[in-house]
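> 3D model of this:
(chains A, B and C)
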Amino acid sequence: MSDAARYSAPRPWSALIMRLLLWFVLIVFAIWFLLPAYVVVGTSLKDLDEIRGGSLLALPHELNFSAWRHAWSEACIGVECTGLKPYFWNSVSMALPGVVVSTLLGALTGYALTKWKFKGANLVFALILFGCFVPFQVVILPMAQTLGKLGITNTVYGLILVHSVYGLAFTTLFFRNYYVTIPDELVRAATIDGAGFFTIFRRIILPLSPPIIVVSVIWQFTQIWNDFLFGASFTTGGAQPITVAMNNLVNTTTGVKQYNVDMAAALITAAPTLLVYIFAGRYFVRGLTAGSVKG
Amino acid sequence: MLTRPPVKFIDRIARALPQIVVAPGFAAILYFVYGFIIWTGYISLTKSKMLPNYTLIGTRPYERLFQMDRWSVAIENLFIFGFLFVFVSVVVGCLLAVLLDQKIRAEGFIRTIYLYPMAISFIITGTAWKWIMNPSLGLEKVIRDWGWESFRFGWTVDNNLAIYALVMAAVWQASGFAMALFLSALRSVDQDIIKAASLDGASPWRIYLRIILPSMRPVFMSAMVILSHLAIKSFDLVVALTGGGPGYASTLPANFMYEMTFRRNEIAVGAASAMVMLATVAAIMVPYLYSELRGKKHV
Amino acid sequence: MASLTIKNAVKRYGHVEVLKGVSIDLRDGEFLVLLGASGCGKSTLLNMIAGLEDLTEGEIMIGDRVVNDVHPKDRDIAMVFQSYALYPTMTVGQNIAFGLEMRGVPKAERALRVEQVAKTLRMDHLLDRKPAQLSGGQRQRVAMGRALVRDPEVFLFDEPLSNLDAKLRLEMRTEIKRLHKRLNATMVYVTHDQIEALTLADRIAILKDGEVQQLASPAEIYEHPANMFVAGLVGSPPMNFLDITVEAGEAGPAAWVTLRADGADKPVLLDLSAHTARLDGYVGRKVVMGLRPEMISQGTTDAGQCVQCEIDVTEATGADTLCVLNWNNQEVLARGTSGYTKILEGTMDFTIETERACLFDPESGLRLD
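Numbering: from 1, shown residues only, chains lettered A, B, ... in the order given. This next block holds a predicted model:
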């Protein structure tokens, strides 16, 4: 706790007013942050008549999950009326390998760059680091061509490749920053003890890595799941990830606008990353700030 | 008897292992990032239309790009959007961080509420706010039903306001992230300085304004750089919230690039716009990364 | 056990020369201390012996084997690190056994040897703990155990005691000394603490700017420092240096020294006739006279020349009381009495043992011999 308040508290009479004001501001912001979530969930549980007749902010009369069912397995996306279900699984089968590959490669690269500094290691790291910040627009065109040449355009494999490569810059950054806090003497001691590059990684470094593995996994999963640009650029029809499919569903202009289904679709699309955030978010923050290992 | 054993073959391999391990990832980055940048740069100087064409025509695509009204609108929008988004997110994030730093009960819970937008896709954010800003059924109707007849919240369909709708949604998404950055920085300020200042008789506000916030300058820097970079890359939010409309009133460079490349068969112009975006990002990021890496060299 | 030979070891990083040709010969079972301030190259030298850093030039031999290109694991050495470098996720037992495991020692034998070492270092009860659950002294013991269990040809220590508090440091110092006596192993020990060096070493190599200043036994280094740097580094409290001009006295060389603060009163002529041979050719020239505090002791004895000095400050350390004298605006440390027995103040008698004084050439800093 850093707060200055502890060391020089305001006098009691003003403290109460300040405290009330403080809570007022905090709550107003909380409402602002929660409003979209409330509206989305509320709307998804209403039927269309209730939406048209009632207030946006009113609670639904009853818990009606039919819009959810519809969005999941019946709604039309383009000409296919399959709901989001197949696209959901597209995203799953794209995200899981993407996360594993980029995390593993990032861990090894970060380890080699920090604990086995070779000539030019810093330059290599700087070049990789800039990869985090390249606007993807600049790689889309050549990537489309490359995927075409490899014959994996419009497939999950193409997206796995794209996400693994561009995620690598971030995962390397995470692992590198974490591994610089591990004392080099550990590696030296293990070298003298007779352990080699991979043994040291497996026996000494990896057991110290769970906090940063959590960070890398959460980050990569969120990035890949939430990606829209790559999905929209490199896939069409049945191969699309869920974000693209959901956007198409919402913007399908034929027929009556089914706001409740749109909102249910948004909720389904957001659910995996939200769940990850709610259950593992604090490990993310903790891992990012996790520092040196005492030993 | 002097014996000088030769370097064992296995030791030679072992010595090269770090490089061998780094090689595939580094090669991938070299090819997929730097190779592709060169490729796009080359295409931006050709007469490519629907398909890449490798005949060079010099800077003509750039000249065309800067003559297009859609591009000037996109650039102007980027300035408005970028400036407001970064500024408001930093202010809100900083305010929330300072408020949360007052030993609030349930701080963890409130922090979770402020931060959850970071976990979801801009596509979802756009979809949700588009619904809230729906002119006939959204928040506008609610407020009007409460009696404020002239209230207008249908920003997304208004030529002049659509860009502010984007700012609003983007701030909603990212200010929690800024808050988290600031909060962790507040917590790492040297406690002895604060003790010393309060013993010197400084009031809490004075301590914040004169001691804590100035010492957080690097974090302000990081936050602004990261947020600007987000702003330049913004694409999906526009797609989901305004579709770049009405017309192309709220289009951003990223959307312009996509439109030119995939919809209008103007690949060279699309590539040119991508290169301009890259130059903008590089102008912000390279000095920042350079100073960051230099400063941490001894670590 | 093995001898260790370092031949003209040079280390350069780019244009910076960290070691400028160091040669040291160690016989089997010798305890060598590398002493110097940080940045003098002592840790680089140790890392080169360990194989953690390459030599730019020169050779290192363990036994009769040149090990320049030999991997650390094949050099048959063990090292104790300043931060101990215990593997945080392993128990103490696993930490100690790791090196054996890497060498393919069967599990049963590993357990046996770990147990033996743990007994030797009196930490059998700690084997199942993690390093984070140990105190500083216990961690130090584990680090030692990890080196001991391997039974290597050469032990390397990189400032192993500098993270301990004063009392533990003393204990562990004795422990290391005892260990060396029992194992009779070749040991190289890096430190910046001259007391550690004096108490532990068979021989001390004093390094400065990548060069060996003196390589000799502790007694030799203390009594006959090769130059002013060595003289100033070794000994606590440090040696006093006085600029004097050599005069031709009646019985041999002598020098006028002012023993009062303001220099107002008459200087005293110090008799340097014991150094006649040494000062041959220096008459009329300036030299630096080094006097250790114990060479200026309170009271009148036959050991040297008796003078009267005014005491500026006294510092009682318990066992000894030190007097700070002011000689012509220069602080000079002298030894007072043992213990607290006597009040020391005002002007008192001191005996200067000019015979034991060290004389240095002011330009080269080398001791006149």
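
> C-alpha only now, for contacts and for neighbours.
Fine.

> Please see if stretch C:156-173 touches chain A.
No. Contact check for stretch C:156-173 against chain A, using CA under 8 Å from any CA of the partner chain: none in range, with a minimum separation of 10.7 Å.

> Report the distance from that stretch to the chain centre.
A distance of 13 Å separates the C-alpha centroid of stretch C:156-173 from that of its chain, computed with CA atoms, centre = their mean, to the nearest Å.

> just stretch C:201-211 next, same as before
Using CA atoms, centre = their mean, we find the averaged C-alpha position of stretch C:201-211 to lie 8 Å away from the chain's own average C-alpha position.

> mind checking the end-to-end distance for it?
Taking CA to CA, to the nearest Å, the first and last residues of stretch C:201-211 lie 19 Å apart.

> List the buried residues for the helix or strand harbouring residue A:281?
Assigned by DSSP states H and E, residue A:281 belongs to helix A:259-289. Neighbour-count burial for helix A:259-289, counted by 16 or more other CA atoms under 10 Å in any protein chain shown, picks out A:259-270, A:272-274, A:277, A:281, A:283-285, A:287-288.

> Same question for stretch C:72-84.
By neighbour count on 16+ other CA under 10 Å, the buried set for stretch C:72-84 is C:72-73, C:75-84.

> now stretch B:56-70
Of all the residues in stretch B:56-70, those buried under the rule 16+ other CA under 10 Å are B:60-62, B:65-66, B:70.

> Among these, which lie within helices?
Among the buried residues of stretch B:56-70, the subset assigned to helices under DSSP state H consists of B:60-62, B:65-66, B:70.

> And what about residue A:146, helix, strand or coil?
Classification of residue A:146 by DSSP: H, G, I helix; E, B strand; the rest coil places it in helix.

> State the distance from it to chain C.
Remark: distance between residue A:146 and chain C (CA to the nearest CA, to the nearest Å) = 42 Å.

> Switch the ones in helices among the buried residues of stretch B:56-70 over to JSON lines; also include pLDDT.
Converted to JSON lines, these look like this (pLDDT from 0 to 100):
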{"residue": "B:60", "pLDDT": "85"}
{"residue": "B:61", "pLDDT": "86"}
{"residue": "B:62", "pLDDT": "89"}
{"residue": "B:65", "pLDDT": "85"}
{"residue": "B:66", "pLDDT": "89"}
{"residue": "B:70", "pLDDT": "88"}
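
> Adding distance to residue C:223, write the residues you listed out as CSV.
Formatted as CSV, the entries for those read as follows, by distance: CA to CA, whole Å:
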residue, distance to residue C:223
B:60, 85
B:61, 84
B:62, 82
B:65, 84
B:66, 84
B:70, 88
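
> Out of those residues, flag the one nearest to residue A:28.
Of all those, the one sitting nearest residue A:28 is residue B:70; the distance, using CA to CA, is 38.0 Å.

> wait, the closest one sits on residue B:248?
Yes. A contact is recorded between residue B:70 and residue B:248 when judged using CA atoms under 8 Å, the distance being 6.8 Å.

> The nearest residue to residue C:332 once chain neighbours are set aside sits in which helix or strand?
If you skip the residues right next to it in sequence, residue C:332 has residue C:325 as its closest partner in space, 5.0 Å away by CA to CA, 6 or more residues apart in numbering or on different chains. Mapping residue C:325 onto the secondary structure by DSSP H and E places it in strand C:320-327.

> average model confidence for that strand?
Averaged across strand C:320-327, pLDDT comes to 86.

> what ranges do the strands span in the stretch 1-150 of chain C?
Using DSSP state E, counting those that start in this stretch, the strands found in the stretch 1-150 of chain C span residues C:4-13, C:16-26, C:31-35, C:57-62, C:65-66, C:77-80.

> Kindly report the same for chain B.
Assigned strands in chain B: none (criterion: DSSP state E).

> who touches residue B:262 in this structure?
Contact criterion CA atoms under 8 Å, 6 or more residues apart in numbering or on different chains gives residue A:233 as the residues in contact with residue B:262.

> Roughly how far does it sit from residue A:137?
12 Å.

> so residue A:245 makes contact with residue A:75?
No. Taking CA under 8 Å as the contact criterion, residue A:245 and residue A:75 are not neighbours in contact, 10.7 Å apart.

> anything in whatever helix or strand residue A:14 lives in near chain B?
Residue A:14 is located in helix A:12-44, with elements delineated by DSSP H and E. Yes. Among the residues of helix A:12-44, A:22, A:26, A:29-30, A:33-34, A:36-37, A:39-40 lie within reach of chain B under CA under 8 Å from any CA.

> Check stretch A:175-186 too.
Yes. Using CA under 8 Å from any CA as the criterion, contacts between stretch A:175-186 and chain B involve residue A:180.

> Kindly check the end-to-end length of that stretch for me.
With CA to CA as the measure, stretch A:175-186 spans 17 Å from end to end.

> what comes up buried for that stretch?
Of the residues in stretch A:175-186, A:175-180, A:182-183, A:185-186 count as buried by neighbour count, 16+ other CA under 10 Å.

> And stretch C:302-310, by the same measure?
Neighbour-count burial for stretch C:302-310, with 16+ other CA under 10 Å as criterion, is recorded at C:304-310.

> do stretch C:102-112 as well
Neighbour-count burial for stretch C:102-112, with 16+ other CA under 10 Å as criterion, is recorded at C:102, C:110-111.

> Domain-wise, how is chain A divided?
The record's domain parsing of chain A by automatic domain parsing lists A:10-64, A:85-289.

> now chain C
In the recorded assignment (automatic domain parsing), chain C comprises C:4-233, C:240-360.

> to the chain's geometric centre, what's the distance from the last one?
When you say that, I think you mean domain C:240-360. Its chain's C-alpha centre lies 26 Å from the corresponding centre of domain C:240-360 when counted by CA atoms, centre = their mean.

> Endpoints of that domain, how far apart?
12 Å.

> same question, the first one
Distance between the two ends of domain C:4-233: 26 Å, counting by CA to CA.

> Is any residue of it near chain B?
Yes. In this structure, domain C:4-233 sits against chain B according to CA under 8 Å from any CA; the contacting residues are C:64-67, C:69-71.

> Out of these, which end up buried?
Among the residues of domain C:4-233 next to chain B, those that count as buried by neighbour count (16+ other CA under 10 Å) are C:65-67, C:69-71.

> Farthest-apart pair in these, please.
Using CA to CA, the pair of those lying farthest apart is C:65 and C:71, separated by 12.8 Å.

> which residue is nearest the middle of the chain?
Let's take chain A. Taking CA atoms, centre = their mean, the centroid of chain A lies closest to residue A:222, which sits 1.2 Å from it.

> I was after chain B.
Using CA atoms, centre = their mean, the most central residue of chain B is residue B:230, at 1.0 Å.

> and stretch A:207-222, how far from the chain's centre?
In this view, stretch A:207-222 has its centroid 12 Å away from the chain centroid, taken as CA atoms, centre = their mean.

> can you check stretch A:230-250 too?
Stretch A:230-250 has its C-alpha centroid displaced from the chain centroid by 17 Å (CA atoms, centre = their mean).
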